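# Sequence isn't available, so here's the structure alone:
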């Protein structure tokens, strides 16, 4: 029998797990320090005991900012091969986590394929799957059936689950008394809210929270406390519904830690730039430093088709001031299921945001990467620039598509390149900017 049940349990007992060793090496953090943060709940290592091919990652604001990629089938787009192409693209591009949000088809088959073949951290939202799995009217799903789906996902090897526990009868009533511009935009949150309204019952995940924690503890599933009341427009950011639910999530965090269950807190959503820092700091206070997992936040509502950019702007600020985990947003957000290319663009945008925040936070190795790139630029070392680029393929392709006359220039500046000419001057060489024939302009 194992000496520990969960990563948090091990940390509190001073046991260094293989997962902690792997994370400490990747993060260049002393394993004893890492262990202390895991014990406090300020770093989580999602690692279901049944996910045998997992490459473990740590999530916490003392570590490199991680990104999550959402994908999965829907009624209108039911091609699992395409979804697996997205999975492979995410792995190739360095995404640390993949969340299966499948809402149609043989969802268990796809989920089990992920946990048997994919090394990334795998997350799910069991609420979606319950609707698919039972295939009956929402009001007819029982409290036991909701819990059984959570257990099924845990048995299938899922590393973290988004569970909307905070939208209980009390917070739902507060929402109804303070109606918002865009109501509830969380898919899982809206399902549970509707179920409570249709049945008159309490949210089973809140009412039976201790039972839920027992399942998570048994398999070492990290619970990601979903924010049903995350703002779906900047108009709703920081309103009563969002903050009251966050208070409930803070209380649920403490209860999870008593069960040695690792916890992440989910956050906005849509939020104007001037509110992001305060929201991150409030979360850190209310939830005692539990890692914050944000969708964006999107800093404006008017850019459909470009929401990977609005999200990256908000994500960089959020991660600078406390968020640990960025859920990517693709250009298809609000419009359609993303294609493979949409997934790639969303990943790159999120990786840029994550790295920018890591530079700002002084994460070891972050600024050094930029230093190497700027050195390669100074030396006009194109191959080194491609090697260091976040998207090497695109950088190489852009260079190849517009070849300069001289290798030590590009087609933007040509021989007027400042880098080229200052290098020449400092070496004591002549600068040949205008050695072409003079032209007469009529």
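Structure received. Since we're looking at a predicted model, the values are computed, not measured.
# In three-state terms, label residue 400 for me.
The three-state assignment at residue 400 reads helix, by DSSP: H, G, I helix; E, B strand; the rest coil.
# shaky segments in this protein?
For the chain, the stretches with pLDDT under 70 are 1, 435-442.
# got the contact list for residue 6?
217, 220, 260-262 (Cβ atoms under 8 Å, 6 or more residues apart in numbering). In short, each C-beta sits where N, CA and C put it, glycine included.
# likewise residue 244?
171, 174, 229.
# cool, and residue 312?
Contact analysis of residue 312 by Cβ under 8 Å, 6+ apart lists 329, 349-350, 352-353.
# Dump these into JSON lines; add neighbour count as well.
As requested, the contacts of residue 312 are exported to JSON lines (neighbours: other Cβ atoms under 10 Å):
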{"residue": "329", "neighbour count": "29"}
{"residue": "349", "neighbour count": "26"}
{"residue": "350", "neighbour count": "29"}
{"residue": "352", "neighbour count": "17"}
{"residue": "353", "neighbour count": "29"}
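# Among those, give me the pair with the biggest separation.
329 and 352 (12.5 Å; Cβ to Cβ).
# follow-up on the earlier one: so which of the contacts of residue 244 sit within helices?
171, 174 (DSSP state H).
# List just the nearest of the contacts of residue 244 to residue 345.
Residue 345 lies nearest to residue 229 out of those, by Cβ to Cβ, at 28.8 Å.
# my guess is residue 297 meets residue 268, correct?
Yes - taking Cβ atoms under 8 Å as the definition, residue 297 is a contact partner of residue 268 at 4.2 Å.
# between the two, what contacts are shared?
Common contact partners of residue 297 and residue 268 (Cβ under 8 Å, 6+ apart): residue 237.
# a strand runs through residue 347, doesn't it?
No - counting by three-state DSSP, one finds residue 347 to be helix, located in no strand.
# what sits against the closest residue to it other than its chain neighbours?
Sequence neighbours aside, residue 93 is the residue nearest to residue 347 in space, at 4.8 Å (criterion: Cβ to Cβ, 6 or more residues apart in numbering). Applying Cβ under 8 Å, 6+ apart, we find residue 93 in contact with 344, 347-348, 351, 391.
# before we move on, back to that, quick check, nearest of the contacts of residue 6 to residue 69?
So of the contacts of residue 6, ranked by how close each gets to residue 69 (Cβ to Cβ), first place is residue 262, at 20.5 Å.
# So which bits of stretch 176-192 are buried?
180, 184-186, 188-192 (16 or more other Cβ atoms under 10 Å).
# Give me the distance between the two termini of it.
From its first residue to its last, stretch 176-192 covers 14 Å (Cα to Cα, to the nearest Å).
# Same question for stretch 10-21.
End-to-end for stretch 10-21, by Cα to Cα: 13 Å.
# ok, now how distant is the nearest residue to residue 314 once chain neighbours are set aside from residue 233?
Of all residues not flanking residue 314 in the chain, residue 297 sits nearest, at 4.0 Å (Cβ to Cβ, 6+ apart). According to Cβ to Cβ, to the nearest Å, residue 297 and residue 233 sit 11 Å apart.
# go on, residue 255?
31 Å.
# Show me which of the two is the more surrounded one.
Shown here are residue 255 and residue 233; by other Cβ atoms under 10 Å, residue 233 has more neighbours (17 against 14).
# So that one is in contact with residue 299, correct?
No - counting by Cβ under 8 Å, residue 233 does not reach residue 299; the two are 11.6 Å apart.
# Need the residues touching each of these two.
Counting by Cβ under 8 Å, 6+ apart, the shared contacts of residue 233 and residue 299 are residue 270.
# Backbone dihedrals for residue 279, please?
As for residue 279, its main-chain torsions (degrees, to the nearest 10) stand at phi -60, psi -40.
# correct me, but it touches residue 268?
Yes - here residue 279 reaches residue 268: they are 6.6 Å apart, a contact under Cβ under 8 Å.
# what sits in contact with each of these two?
residue 237.
# ok so, going back, now the buried residues of stretch 176-192 as JSON lines including secondary structure?
Formatted as JSON lines, the buried residues of stretch 176-192 follow (three-state DSSP):
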{"residue": "180", "secondary structure": "coil"}
{"residue": "184", "secondary structure": "coil"}
{"residue": "185", "secondary structure": "coil"}
{"residue": "186", "secondary structure": "coil"}
{"residue": "188", "secondary structure": "helix"}
{"residue": "189", "secondary structure": "helix"}
{"residue": "190", "secondary structure": "helix"}
{"residue": "191", "secondary structure": "helix"}
{"residue": "192", "secondary structure": "helix"}
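# can you give me the helices for the stretch 1-150 of the chain?
7-12, 18-27, 31-40, 80-92, 107-117, 126-134, 143-155 (DSSP state H, counting those that start in this stretch).
# dump the residue contacts of the closest residue to residue 27 other than its chain neighbours.
Using Cβ to Cβ, 6+ apart and skipping the chain neighbours, the partner closest in space to residue 27 is residue 63 (5.1 Å). Listed by Cβ under 8 Å, 6+ apart, the contact partners of residue 63 are 23, 27, 29, 43, 324, 363.
# And the strands in this protein?
66-71, 97-100, 121-124, 160-163, 222-225, 263-267, 292-295, 323-327 (DSSP state E).
# who does the third one touch, helix- and strand-wise?
Contacting strand 121-124 under the criterion 3 or more Cβ pairs under 8 Å, 6 or more residues apart in numbering; DSSP states H and E are the following elements: strand 97-100, helix 107-117, strand 160-163.
# which other residues reach it?
In this structure, residues lying in contact with strand 121-124 by Cβ under 8 Å, 6+ apart are 46-48, 51, 54, 56-57, 68, 96-101, 111, 114-115, 153, 157-162, 224.
# Tell me the gap between that strand and the middle of its chain.
Averaging C-alpha positions (Cα atoms, centre = their mean, to the nearest Å) puts strand 121-124 11 Å from its chain's average.
# next one: the last one
Counting by Cα atoms, centre = their mean, strand 323-327 is centred 5 Å from the centre of its parent chain.
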